[in-house]
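Chemist: can you look at this prediction? I've put the sequence above it.
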Amino acid sequence: MECISVFDMLKIGIGPSSSHTLGPWRAAERWIEELKTAQKFKSIEKITVNLYGSLSLTGKGHATDYAVILGLSGKDPETIPVQDIECVVKTVKATHILNFGGEIALAFNPKTDIIFNKEFLPFHANGISFTAVIKDKKHTSKFYSIGGGFVVKEERKNSKKNFEIKCSFPYPIDKGIELLKFCNQLNKPISQVVLENEKSIRSEQDINLELKRIWDTMLECMYIGCHTEGNLPGGLNVRRRAYDMHQNIKGATPYNNAIEWIYSIRDTKVKFRQILKWVSCFALAVNEVNASLGRVVTAPTNGSAGVIPAVLMYYLVIENHDANFDDIKKFLLVAGEIGSIFKKGATISAAMGGCQAEIGVSSAMAAGALTELLGGTPEQVLVASEIAMEHHLGLTCDPIGGLVQIPCIERNAMGAIKAINAAELALDTNPKNVKVPLDKVVNTMWETAKDMNTKYKETSKGGLAVGVHLSDC
């Protein structure tokens with residue numbers, strides 16, 4: 001039985017990738033706990049790490065080696081000061097000493113002890129194994145980073161197949177049709193049904209605190225991205241565009257922090273072109289922070305982290321100047337639930353499904369959430385999500401140089417604009433006339449993922465990744 005919470009879908013972590021950075025980081029943490037539980041931790045003499053498949057092919061560009069080092073060092077992605085990341089990694093690389101779990105000094109050379117294997121393991125494209133040597137005996141544990149920061153150790157029946165996932169929620173949902181059933185049965189909007197499920201595992205006070213922490217992280221991320229100038233790291237020499245765009249469209253109202261910034265934006269022009277620019281600016285800002293190893297919220301992944309904040313910010317600064325935390329709460333609850341439906345019925349891993357699994361899902365999440373805030377019915381919420389995904393089907397994952405920069409950053413802007421458009425289309429649609437229900441598009445997305453050529457699934461072996469080289473940049 002699996003229970004996917006909103007807080008599983010919206011997690012705080014470090015960029016640039018939820019599957020290639022946050023996942024391996026969490027896997028390293030889990031391995032350390034596993035060793036401690038087995039009372040082997042203090043006896044370890046040497047450790048090595050093997051990366052497989054997509055984790056190997058695009059691992060350097062996605063900072064997978066950084067994530068492994070940081071996770072093995074006992075650092076937490078939610079709390080580590082971002083400015084400390086480079087220092088920790090550089091120290092290990094220079095001294096060849098790892099402070100394992102933050103407790104034991106072990107010899108560790110990242111160049112030889114983190115091994116990049118191009119072979120794919122049969123269960124999932126993102127495989128990672130940790131090996132410890134204790135008294136000349138090797139102890140190996142294998143993990144899989146299955147997208148969105150989720151990590152599994154053993155193969156689960158429903159991980160490869162489209163089996164229904166049930167859990168202990170009072171209103172268990174794995175399909176859109178079940179979500180609508182509970183909305184009709186309880187006469188509640190989607191956000192309220194989701195809230196009832198969340199209240200079965202934590203208090204409403206805790207829910208509110210965590211949702212506020214998530215939104216604060218999103219807002220800070222947009223603010224930092226819009227106020228940081230320069231080029232992104234990694235070798236592509238990509239100039240940060242959010243800063244330049246923000247300089248051109250910001251108004252004259254002064255501000256000193258992110259909250260005041262919201263009020264300042266509300267005083268700017270609201271012509272169509274300006275709205276397009278603001279939404280794009282918000283999305284670009286988040287993913288530029290993500291690309292520079294900043295702290296973001298997986299929504300549902302790091303590579304697609306800009307769509308949901310951009311659409312929610314659009315609502316706050318353009319659609320409803322009286323919006324408050326209750327609106328933010330509803331938006332995040334609806335978005336999280338829609339994301340979980342895609343995770344259960346298909347995938348949110350680009351290594352398994354291409355970019356339709358990341359930008360497509362995030363756009364569907366944002367479209368549905370915006371539709372509820374704009375007064376849409378539960379049926380219209382699902383119509384909006386379906387429209388958004390329908391027009392992302394088949395989208396490939398082909399990052400140049402294995403970096404989450406081109407075309408990833410721009411795709412967040414496009415996904416956000418599509419989400420807003422999908423919401424507007426849904427609001428003018430009678431759900432009774434819809435030909436493609438959400439569950440059909442979820443299934444179609446999964447079938448498309450399975451049919452997609454492997455080179456278009458986060459391997460940097462196809463598409464733009466081979467059409468444009470680092471030397472061209």
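Modeler: Nice, thanks for sending it over.
Chemist: how far away is the nearest residue in space to Asn126 that is not next to it in sequence from Thr459?
Modeler: Distance criterion CB to CB, 6 or more residues apart in numbering; nearest residue to Asn126, sequence neighbours excluded, is Ser145 at 4.1 Å. Any C-beta I mention is one placed from the backbone N, CA and C, and that applies to glycine too. With distances taken as CB to CB, to the nearest Å, Ser145 is found 15 Å from Thr459.
Chemist: more neighbours, these two?
Modeler: Ser145 (32 against 25; other CB atoms under 10 Å).
Chemist: quick check: the more buried one vs Ser304, distance?
Modeler: From Ser145 to Ser304 the distance is 16 Å (CB to CB).
Chemist: what does Gly13 give?
Modeler: 13 Å.
Chemist: pick out the residue nearest the middle of this protein.
Modeler: Thr301 (1.3 Å; CA atoms, centre = their mean).
Chemist: check the secondary structure at that one for me.
Modeler: coil (DSSP: H, G, I helix; E, B strand; the rest coil).
Chemist: okay, now the nearest residue to it once chain neighbours are set aside: neighbour count?
Modeler: Using CB to CB, 6+ apart and skipping the chain neighbours, the partner closest in space to Thr301 is Ser18 (4.2 Å). Residues within reach of Ser18, counting by other CB under 10 Å, total 35.
Chemist: got the contact list for Ser18?
Modeler: 11, 147-149, 298, 300-303 (CB atoms under 8 Å, 6 or more residues apart in numbering).
Chemist: Asp327: what secondary structure?
Modeler: Applying three-state DSSP: Asp327 is helix.
Chemist: thought it was touching Glu372?
Modeler: No - here Asp327 lies out of contact with Glu372, judged by CB atoms under 8 Å, at a distance of 9.6 Å.
Chemist: ok so, going back, so for Gly13 and Ser304, which residue has more residues nearby?
Modeler: Ser304 (35 against 26).
Chemist: contacting residues for the more buried one?
Modeler: Going by CB under 8 Å, 6+ apart, Ser304 touches 358-359, 361-362, 411-412, 415.
Chemist: take those and keep only those in helices.
Modeler: 359, 361-362, 411-412, 415 (DSSP state H).
Chemist: where is the longest strand in this protein?
Modeler: strand 137-147 (DSSP state E).
Chemist: partners of the next helix or strand after that strand, with directions?
Modeler: For strand 137-147, the succeeding helix or strand toward the C-terminus, using DSSP states H and E, is strand 150-152. Paired neighbours of strand 150-152 in the sheet (DSSP bridges): strand 137-147 (antiparallel).
Chemist: what residues sit buried inside the partner strand?
Modeler: Going by neighbour count (16 or more other CB atoms under 10 Å), the buried part of strand 137-147 is 139, 141-147.
Chemist: dump that strand to PDB, keeping only the CA atoms.
Modeler: The C-alpha trace of strand 137-147 is given here as PDB (Å, rounded to 0.1, in the frame of the first residue of the first chain):
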ATOM      1  CA  LYS A 137      33.900  -8.200   2.900                       C
ATOM      2  CA  LYS A 138      31.800  -6.200   0.600                       C
ATOM      3  CA  HIS A 139      28.200  -5.100   1.500                       C
ATOM      4  CA  THR A 140      26.300  -3.600  -1.400                       C
ATOM      5  CA  SER A 141      22.900  -1.800  -1.400                       C
ATOM      6  CA  LYS A 142      21.100  -0.800  -4.600                       C
ATOM      7  CA  PHE A 143      18.700   2.100  -5.000                       C
ATOM      8  CA  TYR A 144      16.600   3.600  -7.800                       C
ATOM      9  CA  SER A 145      15.800   7.300  -8.200                       C
ATOM     10  CA  ILE A 146      12.400   7.100  -9.800                       C
ATOM     11  CA  GLY A 147      11.700  10.800 -10.300                       C
END
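Chemist: what are the boundaries of the strands in the stretch 1-150 of the chain?
Modeler: 11-14, 46-53, 97-100, 104-107, 114-117, 126-134, 137-147, 150-152 (DSSP state E, counting those that start in this stretch).
Chemist: same list (those) but as a markdown table, adding distance to Tyr315 and mean pLDDT.
Modeler: Shown next, in a markdown table, are the strands of the stretch 1-150 of the chain (distance: least, CB to CB, whole Å; pLDDT from 0 to 100):
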| stretch | distance to Tyr315 | mean pLDDT |
| --- | --- | --- |
| strand 11-14 | 21 | 94 |
| strand 46-53 | 39 | 96 |
| strand 97-100 | 44 | 96 |
| strand 104-107 | 49 | 95 |
| strand 114-117 | 43 | 95 |
| strand 126-134 | 34 | 94 |
| strand 137-147 | 27 | 92 |
| strand 150-152 | 28 | 92 |
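Chemist: nearest to Thr91, out of those?
Modeler: strand 97-100 (8.0 Å; CB to CB).
Chemist: low pLDDT regions in the stretch 101-250 of the chain?
Modeler: Filtered on pLDDT under 70, the stretch 101-250 of the chain yields the residue ranges 154-167.
Chemist: scratch that, the stretch 301-450 of the chain is what I was asking about
Modeler: For the stretch 301-450 of the chain (pLDDT under 70), the answer is none.
Chemist: which stretches of it form helices?
Modeler: Using DSSP state H, counting those that start in this stretch, the helices of the stretch 301-450 of the chain run over residues 307-314, 325-345, 350-353, 359-373, 378-390, 408-427, 438-451.
Chemist: deepest of those, which one?
Modeler: Neighbour counts (mean count of other CB atoms under 10 Å) averaged over each of these peak at helix 359-373, with a mean of 32.
Chemist: could you name the helices and strands sitting against that helix?
Modeler: helix 190-199, helix 307-314, helix 325-345, helix 378-390, helix 408-427 (3 or more CB pairs under 8 Å, 6 or more residues apart in numbering; DSSP states H and E).
Chemist: can you redo those helices as TSV with distance to Gly71?
Modeler: Shown next, in TSV, are these (distance: least, CB to CB, whole Å):
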stretch	distance to Gly71
helix 190-199	28
helix 307-314	26
helix 325-345	23
helix 378-390	32
helix 408-427	23
